[in-house]
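Colleague: Provided below for reference: sequence and predicted model.
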Amino acid sequence: MKRYISYIKNISVHKWHVFIECCSLGIPVLGLLHDWSKFLPSEMIKYAHTFYNPDGTRKKVDDSLYMSLGTALTHHFRCNKHHWQYYLLVQGVDSITALDIPLKYRKEMLADWIGAGKTYGGSVSDWYRKNKDKIIVHDDVRVWLGERIG
């Protein structure tokens, strides 16, 4: 039970930071609705077990933990339009097309990244520089992000 309490507290802090950022970007309603799917059993159970020990302490996070999320992560990306993965058209192994992301969801994505930095520690620009080559987005979105993050 402690791992679930820790998970809910952590997600709530993240949602608060994202809400504040969304308000500053003019999209407060998206800030309120942000990441509600993380409270559904299909996501919460897997996320809580992946990131928290039974005593509620946080596990050390690395890329391998994210791979273990499987269907919970896929569900999250498909339910939340602020994720760049939502806008990928996959037509085959060698055919992935990045679709444009509407401005309101670009803003929510940016707010999400900033909120994650505030919640988990770290600079959004450092994170983006480290990960931008792994992020598949439409050219217009990449330019937009570059103008805001660097």
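Modeller: Structure received.

Colleague: Going by neighbour count, which residues of the longest helix along the chain are buried?
Modeller: Counting residues, the longest helix found in the chain (DSSP state H) is helix 2-24. For helix 2-24, burial by neighbour count (16 or more other CB atoms under 10 Å) applies to 3, 6-7, 10-11, 14-15, 17-22. Where you see a C-beta, it was placed from the backbone N, CA and C, and this is true even at glycine.

Colleague: can you check stretch 140-150 too?
Modeller: Across stretch 140-150, burial judged by 16+ other CB under 10 Å covers 141, 144-145, 148-149.

Colleague: Count the neighbours of residue 80 for me.
Modeller: Using other CB atoms under 10 Å, residue 80 has 20 other residues around it.

Colleague: Could you measure from it over to residue 59?
Modeller: In this view, residue 80 and residue 59 are 23 Å apart by CB to CB, to the nearest Å.

Colleague: circling back: kindly export the longest helix of the chain (C-alpha atoms) in CSV.
Modeller: Output in CSV follows, covering the C-alpha atoms of helix 2-24 (Å, rounded to 0.1, in the frame of the first residue of the first chain):
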residue,chain,number,x,y,z
LYS,A,2,2.9,2.4,0.8
ARG,A,3,4.2,2.2,-2.8
TYR,A,4,0.7,3.4,-4.1
ILE,A,5,0.6,6.2,-1.6
SER,A,6,4.1,7.3,-2.7
TYR,A,7,3.1,7.0,-6.3
ILE,A,8,-0.1,9.1,-5.9
LYS,A,9,1.8,11.8,-3.9
ASN,A,10,4.5,12.0,-6.6
ILE,A,11,2.1,12.1,-9.5
SER,A,12,0.1,14.8,-7.7
VAL,A,13,3.3,16.9,-7.2
HIS,A,14,4.1,16.5,-10.9
LYS,A,15,0.5,17.4,-11.9
TRP,A,16,0.7,20.6,-9.8
HIS,A,17,4.0,21.7,-11.5
VAL,A,18,2.5,20.9,-14.9
PHE,A,19,-0.7,22.8,-14.0
ILE,A,20,1.3,25.9,-13.0
GLU,A,21,3.2,25.8,-16.3
CYS,A,22,0.1,25.2,-18.3
CYS,A,23,-1.5,28.3,-16.7
SER,A,24,1.5,30.4,-17.7
